[in-house]
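> this one's sequence-less:
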């Protein structure tokens, strides 16, 4: 594999780029001022790209686009942070991803983020299934292997408004 797909996010512009032949050629697949795209994952057929799409209000949705950068559509919605999509081997239209709800005050300001749990999504039917959650831990970066085993990172959950104590900060 001599190709590399990557995302770039600056203050002025975000985009998805393809480097071919070990960097000899570069192609801009997608660019936008309004939407930030990251967490890229190519499907096994090399025809589609799953990604996370960031909006200015703190919401992240799962997006799907053609590998040529056209047709970006958002497959999830809601007041949540949906990140780290990964195609599921042997299930060509399904992805797994991490999701956490955003808690807001009465003025709409984000004041908390729930623990990340894991979801699968069929991008054709739109059916979502929660497959793992833990109220005390974030479940991150999910991946299925070819045998159907699920792997992910588990870390203690810390809310957005949790701050280290003064003593902990001094350490």
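Received, thanks. What you are looking at is a predicted structure, and each value in this text was computed from that prediction instead of being measured.

> check which helix or strand covers the residue lying closest to residue 85 once chain neighbours are set aside.
Leaving aside its sequence neighbours, residue 85 sits nearest to residue 50 (Cβ to Cβ, 6 or more residues apart in numbering; 3.8 Å). From N, CA and C alone the C-beta is placed, and that goes for glycine too. Element membership for residue 50, per DSSP states H and E: strand 48-54.

> what's the model's confidence in the helix or strand residue 129 falls within, averaged?
Secondary structure assigned from DSSP H and E places residue 129 in strand 128-132. Averaging pLDDT along strand 128-132 yields 97.

> strands paired with it, and their directions?
As defined by DSSP bridges, the strand partners of strand 128-132 come to strand 117-122 (antiparallel).

> What's the mean pLDDT across the partner strand?
98.

> Now do that strand and strand 48-54, the angle between them.
Interaxial angle, strand 117-122 versus strand 48-54 (axes from the mean of the first three to the mean of the last three Cα atoms, to 10 degrees): 140 degrees.

> Can we start the residue count at 24 from this point?
Got it, the first residue is 24 from now on, which makes the last one we talked about strand 140-145.

> Identify each buried residue in strand 140-145, please.
Using 16 or more other Cβ atoms under 10 Å as the burial criterion, the residues of strand 140-145 that qualify are 140-144.

> same check, this time on stretch 33-40
37-40.

> Same question for stretch 76-86.
Applying 16+ other Cβ under 10 Å to stretch 76-86 flags 76-77, 81-86 as buried.

> The spatially closest residue to residue 179 that is not a sequence neighbour: neighbour count?
Leaving aside its sequence neighbours, residue 179 sits nearest to residue 160 (Cβ to Cβ, 6+ apart; 5.9 Å). Applying other Cβ atoms under 10 Å, we find 16 residues neighbouring residue 160.

> cool, the one 10 residues further on as well?
Number of residues near residue 170 (other Cβ under 10 Å) recorded here: 7.

> That one and residue 111, how far apart?
Taking Cβ to Cβ, to the nearest Å as the measure, residue 170 and residue 111 are separated by 12 Å.

> Same question for residue 97.
In terms of Cβ to Cβ, residue 97 sits 19 Å off from residue 111.

> what about these two, which has more around it?
Taking neighbours as other Cβ under 10 Å, residue 97 and residue 111 compare with residue 111 leading, 21 against 16.

> what's the more buried one in contact with, if anything?
By Cβ atoms under 8 Å, 6 or more residues apart in numbering, the residues touching residue 111 are 117-119, 143, 167.

> In strands only, show me those.
When DSSP state E is applied, the contacts of residue 111 are split such that 117-119, 143, 167 fall in strands.

> Distance to residue 47 for those residues - can I get that in TSV?
Output for those, formatted as TSV (distance: Cβ to Cβ, whole Å):
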residue	distance to residue 47
117	35
118	31
119	34
143	38
167	34
